[in-house]
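can you look at this prediction? I've put the sequence above it.
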Amino acid sequence: MIKVSGLRKVYGSVVALDGVDLHVRKGEIFGVLGQSGAGKSTLLRCVNLLERPTAGAVTVDGRELTALGEGELRRARQGIGMIHQHFALLSSRTVAGNVAFPLEIMGMPRDRRAKRVVELLELVGLTGKAKAYPAQLSGGQKQRVGIARALAGEPSVLLSDEATSALDPGTTQSILALLKRLNRELGLTILLITHEMDVIKAVCDSAAIMSDGRIEEAGPIPELLARPGSRLTQELFPLPPAEPGSVTITFTGTYTGRADEPVVSQVVRKFDVDVNILGGALEDVAGVSAGRLRVRLTGEESGAALGYLRDRGLLVEVASR
Ligand SMILES: Nc1ncnc2c1ncn2[C@@H]1O[C@H](COP(=O)(O)OP(=O)(O)OP(=O)(O)O)[C@@H](O)[C@H]1O
C-alpha cells in the first residue's frame, strides 16, 4: 500500500533520511520506532510529500507520488489522512466545523457535509460534542476530532505523527484502541511513528526501527521476533548482557505451543539436564504472547535439549564462550 524506496532528505549539512526503504502492506498497522532526531517526522512528511524528498520514490495505493505535479498531488493527498501530536485543530471553529473543514475544501455541498460530519463524529465516539470548541475538550477528545477530520475524505491510508505522545497512559490506550478499530472496520492502512515501544506493542502488526536517518530492521513483528539478534526483540524484552555459554530462548510467532507453557520443565523431564533460570520477560505483543528467557543448561544431554527446543519453533541462541 505504501512503498518507499531509496528515500533521501538533506537539509543543508544535515542528512535527515539516508536511503530509506519501507513497505507497508494493505490493511496493516505499521509502526516506526526511533529516538528524537532519528528522522521519523521527516519520513512521514515525505510519504505524503508535505516535504519533497531530495531523492527516492514514494508510491501510495499504486500511484507514484514523487512523479506527480502539484495539482495531481493535491488530489492524491485526499486518499491520505494525517493526525498530529498536538492535534492541529482550528480553535475558532467548533468540533463540527473542524471536521467539516476538509469537506468544504473538497467542495462537498452543505447538506451532504452536515450528514457526513454526524457520521464521522459517531465513528470516533464524539456524538454530542459537535458544538463544543477545542478549548473545551480533553486531549483525548481533541485527538478524536483530529481523527474524524483525517477520515473525512475517506482515505485508504492514515499517517500518525506521534498521535498519542501528548496524552496520559489511559487516554493513549483508548486512542490506540480507536485506531485499531478503524483499521479493522474500515480496512484502513496506518503508518505511525512513535518513540514509545508500548505503542508498537499495543497495536502494530509490523514495525521498523529507525536511527540516524536509516531503517535498522523492519518486518512483521512475529518475523522480527524470530530473527536472531533482532534489536526490536531486545528492546521489547530487555535482558542483561548474555554470559558466555548462557542460552537465550525467544518465544516467537512461529512457536508451536503457548509462551506460558512450562517448556523448561518439559526439557528437564525429557533430558538429563539441569536448567538454571537467569532472567526473562513475557508479554502480549501484536496479540500474541511472546517473550525471552535466559537460562544456563548443564548436563550430558544439553545438546539434545537445545535441539528439542528448536524443533518446537523456538529461537535458541547460545552466547559464545
Ligand atoms: N526543516 C528542517 N530544517 C533543517 N533540519 C531539519 C528540518 N526538519 C528536520 N531536520 C533535522 O533532521 C533530523 C531528523 O529530524 P526529524 O524531526 O525527522 O526526527 P524525529 O525522529 O521525528 O525526531 P522528533 O521525534 O524529535 O521529531 C534532525 O537532525 C533535525 O534537526
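Cool, got the structure.

quick check: can you list the domain ranges of this protein?
Using automatic domain parsing, the domain parsing of the chain gives 2-222, 237-318.

starting at the chain centroid, how far to the shortest one?
The gap between the average C-alpha position of domain 237-318 and the chain average comes to 27 Å, counting by C-alpha atoms, centre = their mean, to the nearest Å.

measure it end to end?
17 Å (C-alpha to C-alpha, to the nearest Å).

show the average pLDDT along it.
If you average the pLDDT over domain 237-318, you get 84.

of the domains of the chain, which stretch is the most buried?
For the domains of the chain, the largest average neighbour count (mean count of other C-beta atoms under 10 Å) is found in domain 2-222, namely a mean of 18. For the C-beta atoms, the positions are set from N, CA and C on the backbone; glycine is no exception.

thought Ala218 was touching Leu22?
Yes - the pair Ala218 / Leu22 is scored as a contact, 6.5 Å apart, by C-beta atoms under 8 Å.

so which of the domains of the chain gets nearest the ligand?
Within the domains of the chain, the stretch nearest the ligand is domain 2-222; the backing value is 3.2 Å (C-beta to the nearest ligand atom).

before we move on, back to that, out of the domains of the chain, which gets the lowest mean score?
Per-stretch averages of pLDDT across the domains of the chain put domain 237-318 at the bottom, with a mean of 84.

circling back: which neighbours do Ala218 and Leu22 share?
Ala208 (C-beta atoms under 8 Å, 6 or more residues apart in numbering).

what ranges do the strands span in the stretch 51-200 of the chain?
According to DSSP state E, counting those that start in this stretch, the stretch 51-200 of the chain carries its strands in the segments 55-60, 63-64, 80-84, 157-161, 189-194.

can I get the domains of the chain in TSV with distance to the ligand?
What follows is these, written out as TSV (distance: least, C-beta to the nearest ligand atom, whole Å):
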stretch	distance to the ligand
domain 2-222	3
domain 237-318	21
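
nearest to Gly229, of those domains?
Across the domains of the chain, Gly229 has its closest neighbour in domain 237-318 (7.7 Å, C-beta to C-beta).

pull the contacting residues for the closest residue to Pro238 other than its chain neighbours.
Nearest non-adjacent residue to Pro238, counting by C-beta to C-beta, 6 or more residues apart in numbering: Ala281, 7.0 Å away. Residues in contact with Ala281, defined by C-beta under 8 Å, 6+ apart, are Leu236, Phe237, Pro238, Leu239, Gly291, Arg292.

same thing but at 10 Å, please
Neighbour list for Ala281: Leu236, Phe237, Pro238, Leu239, Ala290, Gly291, Arg292, Leu293, Arg294 [criterion: C-beta atoms under 10 Å, 6 or more residues apart in numbering].

equivalent analysis for Ala114, please.
Applying C-beta under 10 Å, 6+ apart, we find Ala114 in contact with Ala96, Ala100, Leu103, Met108, Ala130.

restricting the selection to alpha carbons, write the helix or strand harbouring Leu44 to CSV.
In this structure, Leu44 is located in helix 40-47 according to DSSP states H and E. Below are the C-alpha coordinates for helix 40-47, written out as CSV (Å, rounded to 0.1, in the frame of the first residue of the first chain):
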residue,chain,number,x,y,z
LYS,A,40,10.7,9.8,11.8
SER,A,41,8.8,13.0,11.2
THR,A,42,10.8,13.7,8.1
LEU,A,43,9.9,10.3,6.8
LEU,A,44,6.2,10.8,7.5
ARG,A,45,6.2,14.2,5.8
CYS,A,46,7.9,12.7,2.8
VAL,A,47,5.3,10.0,2.5
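
quick one: that helix to strand 80-84, angle?
160 degrees (axes from the mean of the first three to the mean of the last three C-alpha atoms, to 10 degrees).

elements contacting helix 40-47?
Helix 40-47 sits against strand 2-11, strand 14-24, strand 29-34, strand 55-60, strand 80-84, strand 157-161, strand 189-194, strand 206-211, with contacts defined as 3 or more C-beta pairs under 10 Å, 6 or more residues apart in numbering; DSSP states H and E.

so which residues of the stretch 151-300 of the chain form helices?
In the stretch 151-300 of the chain, the helices defined using DSSP state H, counting those that start in this stretch lie at 169-186, 197-203, 221-225, 231-236, 263-270.

Leu182 contacts Leu151, correct?
Yes - assessed by C-beta atoms under 10 Å, Leu182 is found in contact with Leu151 at 7.2 Å.

between those two, what contacts are shared?
Both Leu182 and Leu151 are in contact with Gly81, Leu123, Val124, Leu158, Leu188, where contact means C-beta under 10 Å, 6+ apart.

check contacts around the closest residue to Pro134 other than its chain neighbours.
If the residues on either side of it in the chain are set aside, Pro134 comes closest to Leu89, at 4.4 Å by C-beta to C-beta, 6+ apart. Going by C-beta under 10 Å, 6+ apart, Leu89 touches 95, 97-99, 101, 133-135, 137, 142-143, 145-146, 149.

dump those residues to a markdown table, plus distance to Gly69.
Shown next, in a markdown table, are those (distance: C-beta to C-beta, whole Å):
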| residue | distance to Gly69 |
| --- | --- |
| Val95 | 35 |
| Gly97 | 31 |
| Asn98 | 29 |
| Val99 | 29 |
| Phe101 | 25 |
| Tyr133 | 38 |
| Pro134 | 35 |
| Ala135 | 39 |
| Leu137 | 38 |
| Lys142 | 35 |
| Gln143 | 33 |
| Val145 | 32 |
| Gly146 | 29 |
| Arg149 | 26 |
